[in-house]
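S.K.: Following is a predicted model, sequence given first.
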Amino acid sequence: MPRIWQQVIAPDAVKVFLSGRDLPVLAALMTAEWAVAPLAASLHLPLNATHHRVRRLLRLGLVQETRQEARRGRPIRHYRASSEGYLVPYHATPLGSLEELVGVYEQEFTARFLHAVVQAAIPLVSDEREIGLRVFLDGGEVSFDVTPTAGAFQYADLLRPDRPALLLNWGTLHLDSADAKALQRELSELHARYAARHGSERYLLRLGLTPDVLGDDLGS
């Protein structure tokens, strides 16, 4: 955790943190010093676009030039983020609600996550006409899901060794406060344990738990 936070209130700088376009570049520069060419290659971005984003972040005071490496012709400029932590106060954003603030990165991640889910599940589909929504009674509870194989699909089948590492669980739990806190701790510890690993493949994870707000019906 950073000891010093750089507060961001300038409108153009605030926009950087509300859009996913420049954040990958800034995030990379927060972890290490980079020249533009290897940074572009690492992020799989066009060189010109990466150079433009770095110059923009430099102009906004979010990135600084650290050194110049001499060579024939123009020197190679190296950059690093201006801070290990940035804080964008809610009052400095144009957002209209705290829900929007909490969900700033949710929409982009959700689109990426759902696309990855579809790609991982395609091998499970034998006939696209069997893909559909299901609403069904299961163990006394009504469940909602999407199935790749009409009514025959069981999500437990995904635990088989030959299936993709795909997990889609959501819904309402009925717990007392002690169980809820125990679940919170267990999920946090589980996440921390696997987050510390450095495997060869990338996986997207969505993990959340919150008390329900009784009487709210945001879908109505």
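M.R.: Happy to help now that I have it.
S.K.: alpha carbons only for contacts and neighbour counts from here, please
M.R.: Noted.
S.K.: chain center to the helix ranked longest in the chain: distance?
M.R.: Among the segments of the chain that qualify as a helix by DSSP state H, the longest is helix 177-195. Distance, stretch centre to chain centre, for helix 177-195: 19 Å (Cα atoms, centre = their mean, to the nearest Å).
S.K.: Over to stretch 14-29?
M.R.: With Cα atoms, centre = their mean, you get 13 Å for stretch 14-29.
S.K.: ok, now stretch 190-205?
M.R.: For stretch 190-205, the distance to the chain centre is 13 Å (Cα atoms, centre = their mean).
S.K.: So for that stretch, first residue to last residue, what's the gap.
M.R.: 12 Å (Cα to Cα, to the nearest Å).
S.K.: what does stretch 71-85 give?
M.R.: Start-to-end, stretch 71-85 (Cα to Cα) is 33 Å.
S.K.: Leu29 is in contact with His78, isn't it?
M.R.: No: Leu29 lies out of contact with His78 (Cα atoms under 8 Å); the separation is 9.9 Å.
S.K.: ok, the two, which is more surrounded?
M.R.: Leu29 (24 against 16; other Cα atoms under 10 Å).
S.K.: In three-state terms, label that one for me.
M.R.: helix (DSSP: H, G, I helix; E, B strand; the rest coil).
S.K.: give me the element the residue located most distally from the centre of the chain is part of.
M.R.: What lies farthest from the middle of the chain is Arg72; by Cα atoms, centre = their mean that is 41.1 Å. If you go by DSSP states H and E, Arg72 is not part of any helix or strand.
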